[in-house]
Every structure is written in C-alpha cells, then in structure tokens.
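Engineer: Quick one, fold the following:
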Amino acid sequence: MSTRQEWEDSEFPILCETCLGDNPYVRMTRQGYGKDCKICGKPFTIFKWCPGAGMRYKKTEICQTCAKLKNACQTCILDLENGLPLQVRDTILNTANEMPTSDINLQYYSQNMDKQLNHGAAVTSYGRVDSLARESLKRIARTEPYYKRNRPHICSFFVKGECKRGEECPYRHELPKENELIKQNIKDRYFGTNDPVAQKILNRTNKASKLKKPEDKSITSLFLTGIESDITEKDIKNFFYAFGEIKSVVIIYKSKCAFVNFATRSGAELAVEKAYNNCNINDHVIRVQWGKPKVQGPKSESTSKDASKSEQTPSYNQLTYSDLSKMVPPPPPGAPGTQPLLYPSQDPTYLGNIPAKKTRN
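Structural biologist: Okay, the predicted model is just below:
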C-alpha cells in the first residue's frame, strides 16, 4: 500500500468537455483523500458536480496520475483529445500498453511515474505519433460534446413496476436494453481490453472504405456533414474541383452540412472514391456521402385535370383580337334570367355615381 505522503491532493480535476457539462458556472464539491483510485488503489481527491439541468451527479473515478499516463478523463475514462475509448486510440496509433496490470506492480509503477510527472518529465508518447495515424484518428473522432451520456440512470423501481413518484422521480423511466454495451468495466476500459464500446467502433471502421454507387445515374451530388462556420463555399470548391466540374455548392450552416453538385457522374464518382474517409477542410474532418434524389410524389387527379383545362383554355393574355371580337358581352342588368338590381350602385350606367335625391325647398 502507498504511504500517506504519496496520496494525491489536487485543486481541480482533469475532465473532458462532455463530463464537465455546458454550464460555465458549475459548482463542485471537493473531498481530500475521499476515495481510492480504481486503477492503482491510491487515495486521491474526489470531486462531485452536476453537469446540467436534468442530468445526474458525476464524480471522479481515477487519480490524476493514472489519467495523465493515458491522457484520459478522470470520470468517463475516454481520450481527452478525440473523445474515443482508449482501446480505439491505442489500436489506431499502434501504441503498446507498458503499464503492469497486477496490483503491487501497478502501485510501484504509479509511484515512479508520479515522481517523474512532478519533475516535469514527459512520460507519454501520445504527442509524438505518426501524422498518418493521427489523420486516421481524426476521421472517427467525436468533434462535439455528447451530453446524452450525462443522463440519469434508469429507475430500478420503474423496471419492477413499483415506482410511485411519477414525474418527480430523478431517474429515467424506461426499460433497459439488453446488449453487450452494458457490460463495461473501468479497468478494461483503462487498459484497453475487452471493451465492448471500443470493439463496436473498431468493427465499424474496419469495413470497406468504399461507398456503394447509387443505381440512379442522374445522381451527381454529394452530401457533406461536419461543416463548421469557418468553412466557406470557396474552401469546398478548392477541395473538390480537382475531381470534376462543379455546378454549385449549397451550405446549410444551421445543420452543419453541405451539398456539392457535380456536372458529370464521373466527377462525382471520382470525388467519392478519393474523399470518402479522407476529407479534411480547414482542419475539420468532413464526412462524404452520396446525395439522394428529390422525392416526386404522384400527382392527384384534380391537379392533372386542372392542368389539362389550363392547357385547353387559353388565358386572357393569350387571346387574339378575333377571339375577343367573338366573345358575347354580358347581358344588361335587369334582363330576364339575371339577378334583379338591389342597389343603384349595381347599375353600370351610373358608373359608380349614384344620383342625389331631390329635396323639397
């Protein structure tokens, strides 16, 4: 066991943006030596806070020494830079795990690394990796905080059908999903072994890096996601103009997406072949997909009838002088078969001027 002099005392935790929350005025409680690290077993300072409204309280799980050795968050045990599981990061960067796994060796290793960190020594090699491997990691990195991970836990009484608090219950009222993702262990996530979340991501990235071409040959547009506010139409054209002539570029900043419309199908196919999983504009990872054709619904019978009538009956501007001369003028007011005059103003002979009534002197 470590001595009291080697216990960790800190003023602020090492957290990712997701665990910290979107509230800039978050309040934390601090307890010195309140818990043992779940990796090395050393007592450390724990912090507890609520990341936002409607979220559960979170706390630190590992000490700062273990977090610095893996460049991980003290709470969610994910990579601080990319927001990915440590097993995914180490697999793509081809980084070997040099930390021992047994308790005694791990405590001794942690004490030595803590002394080196206090003297300012660099004990990790994550900042000195191959540029190609770093680009591969950026393609699957999480670019925005995922606050959904801070939701409350599922109410166990609701699962049993015994919760009577209703809307006042601070836990989620939904049934748990039975899958392999619920079987997670902090040590497995830290050392990068048997992590179901990491395995799911690796299985998705190991698939063929080619998109299936749509059967509709008229589709010549690409759908881009991950567009940030500093990416302009000129930046997108500069990246894709080498693949073919571009008709237009449409950017929707609110949805962080864009459409690139090529003039030819061959240009769009070449762009997908070269840019899929390999598109980086202004240091932002852009995901490229094929666009979809516009949905054309069936025309109703009334619409088709109205269209046929409009084609058969010319408008007033399309009538010739001979057609106008053949038109029958409207019957005069008061003629048989017409409505009787109710007001003098309905008589066209007055032209809107109603004669004044005669008054006696």
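
Engineer: just to confirm, which helix or strand has residue 133 in it?
Structural biologist: If you go by DSSP states H and E, residue 133 is part of helix 131-139.

Engineer: What segments of the stretch 101-250 of the chain are strands?
Structural biologist: Assigned by DSSP state E, counting those that start in this stretch, the stretch 101-250 of the chain shows strands spanning 221-225, 246-252.

Engineer: want to throw the ones you listed into JSON lines with distance to residue 171, mean pLDDT and mean neighbour count?
Structural biologist: C-beta coordinates here come from the backbone N, C-alpha and C atoms, glycine included. Formatted as JSON lines, the strands of the stretch 101-250 of the chain follow (distance: least, C-beta to C-beta, whole Å; pLDDT from 0 to 100; neighbours: other C-beta atoms under 10 Å):
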{"stretch": "strand 221-225", "distance to residue 171": "33", "mean pLDDT": "92", "mean neighbour count": "19"}
{"stretch": "strand 246-252", "distance to residue 171": "37", "mean pLDDT": "93", "mean neighbour count": "15"}
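
Engineer: Tell me which of the ones you listed sits nearest to residue 16.
Structural biologist: strand 221-225 (22.2 Å; C-beta to C-beta).

Engineer: Can you find the helix or strand in the protein with the smallest mean pLDDT?
Structural biologist: Lowest on mean pLDDT, DSSP states H and E among the helices and strands of the chain sits helix 301-312, with a mean of 50.

Engineer: Make sure residue 163 is actually in contact with residue 155.
Structural biologist: Yes: using C-beta atoms under 8 Å, residue 163 is in contact with residue 155, at 5.3 Å.

Engineer: who touches both of the two?
Structural biologist: 169, 173 (C-beta atoms under 8 Å, 6 or more residues apart in numbering).

Engineer: So for those two, which sits in the more crowded spot?
Structural biologist: residue 155 (17 against 14; other C-beta atoms under 10 Å).

Engineer: Would you mind measuring from the more buried one to residue 170?
Structural biologist: Residue 155 sits 8 Å away from residue 170, taking C-beta to C-beta, to the nearest Å as the criterion.

Engineer: One more: residue 105?
Structural biologist: As judged by C-beta to C-beta, residue 105 and residue 170 stand 41 Å apart.

Engineer: Buried residues of stretch 9-27, list them for me.
Structural biologist: 10, 13-21 (16 or more other C-beta atoms under 10 Å).

Engineer: Now find how far off-centre that stretch is within its chain.
Structural biologist: Distance of stretch 9-27 from the chain centroid (C-alpha atoms, centre = their mean, to the nearest Å) equals 23 Å.

Engineer: again with stretch 224-240
Structural biologist: 17 Å.

Engineer: Kindly export it (C-alpha atoms) in PDB.
Structural biologist: This file holds the C-alpha atoms of stretch 224-240, laid out as PDB (Å, rounded to 0.1, in the frame of the first residue of the first chain):
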ATOM      1  CA  LEU A 224     -21.200  16.600 -46.600                       C
ATOM      2  CA  THR A 225     -21.500  16.600 -42.800                       C
ATOM      3  CA  GLY A 226     -19.400  18.300 -40.200                       C
ATOM      4  CA  ILE A 227     -19.400  21.700 -41.900                       C
ATOM      5  CA  GLU A 228     -18.300  24.400 -39.400                       C
ATOM      6  CA  SER A 229     -18.800  28.200 -39.600                       C
ATOM      7  CA  ASP A 230     -15.200  28.900 -40.800                       C
ATOM      8  CA  ILE A 231     -15.700  26.700 -43.900                       C
ATOM      9  CA  THR A 232     -16.700  28.700 -46.900                       C
ATOM     10  CA  GLU A 233     -18.000  27.800 -50.400                       C
ATOM     11  CA  LYS A 234     -14.600  28.600 -51.800                       C
ATOM     12  CA  ASP A 235     -12.900  26.200 -49.400                       C
ATOM     13  CA  ILE A 236     -15.200  23.400 -50.500                       C
ATOM     14  CA  LYS A 237     -14.700  24.200 -54.200                       C
ATOM     15  CA  ASN A 238     -11.000  24.300 -53.800                       C
ATOM     16  CA  PHE A 239     -11.000  20.800 -52.300                       C
ATOM     17  CA  PHE A 240     -13.400  19.100 -54.900                       C
END
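
Engineer: So which residues make contact with that stretch?
Structural biologist: 143, 222, 246, 249, 251-253, 256-260, 262, 271, 275, 279, 281-282, 284-289.

Engineer: and residue 239, how many neighbours?
Structural biologist: For residue 239, using other C-beta under 10 Å, the count is 19.

Engineer: Just the pLDDT for it.
Structural biologist: Listed pLDDT for residue 239 reads 91.
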